[in-house]
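Chemist: no sequence on this one, just coordinates:
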């Protein structure tokens, strides 16, 4: 077991740098999970915009507009003088100031147009949004005035009209088979538990940390003088390969246990025993993929810098294509078909199959098993290619 012992010694020597990677990637993983959880809890919410209204007309219409805008936004008192207006906009205490001039209500009630004034933060989205709100209100009230309603009646009708909510349904929630495209269901953007996002981003972290820390160890064994020393030893190629494989698996188990312990510490109170077991199986399968990729790359490249670039490219490519950074629901059909050739795609499929499970019977076993099985096939393919590269390099030496 000389090769295995040497592997462990090198791994322990690189332990401090590996722990740095572990801490950094864990922080990224936790922050990403928290951010996505927060975004899901607020899929859409109107932003309250600070505004004020100067009703110089002292009219019912001016007060009605102020009341309407205050329903979704925050009214702020500002002095009606030039200096106060400029300062409030400069310091962003308000983003929009509406000025109702004298005679405004009388002109509108008579069916005539009269311009209102406004101040807003230059080129701000808040200012343009408030412009649309005011314009919508004025267009509606003018329509009722033109239909013969009095000003009071027009104000009541306008408020009633603008308060009506439009019911919005996502395409895949509507049973319409004739709808083309890539519809998104509400279930795909519904609130998901924090551990779901933690494990979603763990796949990226696994790829990055395993390749970045294990790769240099394999490169050490791939150096010419080391290979020549091994070739002249009594150790067979099969024995050397199996001991290297054992070292890789040992490293992987340590990483797997560390991450799952962290998940239990952070989210254990919200996770059922069934979800813990299935998440462990899922991460074990994907870990085999990461080890296979690293085993292949470690014997393919000759220096740590190249291996670091390889780790960055592979982890980002698999993450973007496989649905980690960009949800699969947002990808087109062509991209989805391409994503199927990445192990991260099947990792996400398995992760989706175990959302919010409470008991073992809650899992779609067929879908979960299929996704995990395909990941293991990816792992086997990478390991086989890695062994082929190792044999080729040993023959060259």
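Modeler: That came through fine. Source: prediction; values computed, not measured. Numbers count the residues shown, from 1 in each chain.

Chemist: next structured bit after the helix or strand where residue 256 lies?
Modeler: Here residue 256, judged by DSSP states H and E, is contained in helix 237-267. Per DSSP H and E, helix 237-267 leads on to helix 273-300 as the next helix or strand towards the C-terminus.

Chemist: Report the buried residues of that following helix.
Modeler: 274-276, 278-279, 282-300 (16 or more other CB atoms under 10 Å). The way it works is simple: take the backbone N, C-alpha and C, and place the C-beta from them, glycine included.

Chemist: Give me the buried positions along the helix holding residue 256.
Modeler: Going by neighbour count (16+ other CB under 10 Å), the buried part of helix 237-267 is 240-241, 243-245, 247-248, 251-252, 255-256, 259-260, 262-263, 266-267.

Chemist: Quick one: residues contacting residue 152.
Modeler: Residues in contact with residue 152 (CB atoms under 8 Å, 6 or more residues apart in numbering) are residue 60.

Chemist: secondary structure element for it?
Modeler: Assessed by DSSP H and E, residue 152 sits inside helix 151-162.

Chemist: chain center to that helix, what's the gap?
Modeler: Remark: helix 151-162 is offset 43 Å from the chain centroid, using CA atoms, centre = their mean, to the nearest Å.

Chemist: again, but for stretch 7-25
Modeler: Here the centre of stretch 7-25 is set off from its chain's centre by 28 Å, with CA atoms, centre = their mean.

Chemist: before we move on, the earlier item: next SSE downstream of the helix holding residue 152?
Modeler: As assigned by DSSP H and E, the chain's next helix or strand after helix 151-162 is helix 194-221.

Chemist: What angle do helix 273-300 and that following helix make with each other?
Modeler: 30 degrees (axes from the mean of the first three to the mean of the last three CA atoms, to 10 degrees).

Chemist: which residues touch stretch 331-349?
Modeler: Identification of contacts with stretch 331-349 by CB under 8 Å, 6+ apart yields 182, 200, 203-204, 282, 285-286, 289, 317-319, 321-324, 328, 367, 370-372, 374-375, 378-379.

Chemist: brain fart, stretch 263-281
Modeler: 30, 193-195, 198-199, 202, 256, 260, 354, 356-360, 362-363, 368, 372.

Chemist: Show me the domain layout of this structure.
Modeler: With domains defined by automatic domain parsing, the chain comprises 2-39+195-396, 50-173.

Chemist: Give me whichever of those is most buried.
Modeler: The highest mean neighbour count among those, using mean count of other CB atoms under 10 Å, belongs to domain 2-39+195-396: a mean of 18.

Chemist: So for the helix holding residue 152, mean pLDDT?
Modeler: Averaged across helix 151-162, pLDDT comes to 87.

Chemist: Look at residue 3 and give its secondary structure.
Modeler: Classification of residue 3 using DSSP: H, G, I helix; E, B strand; the rest coil returns helix.

Chemist: shouldn't it be in contact with residue 238?
Modeler: No: the pair residue 3 / residue 238 is not scored as a contact, 11.5 Å apart, by CB atoms under 8 Å.

Chemist: Correct me if wrong: residue 251 contacts residue 216.
Modeler: No: with contact defined as CB under 8 Å, residue 251 does not reach residue 216; the gap is 11.7 Å.

Chemist: mind checking how far residue 78 is from residue 89?
Modeler: Distance, residue 78 to residue 89, by CB to CB, to the nearest Å: 9 Å.
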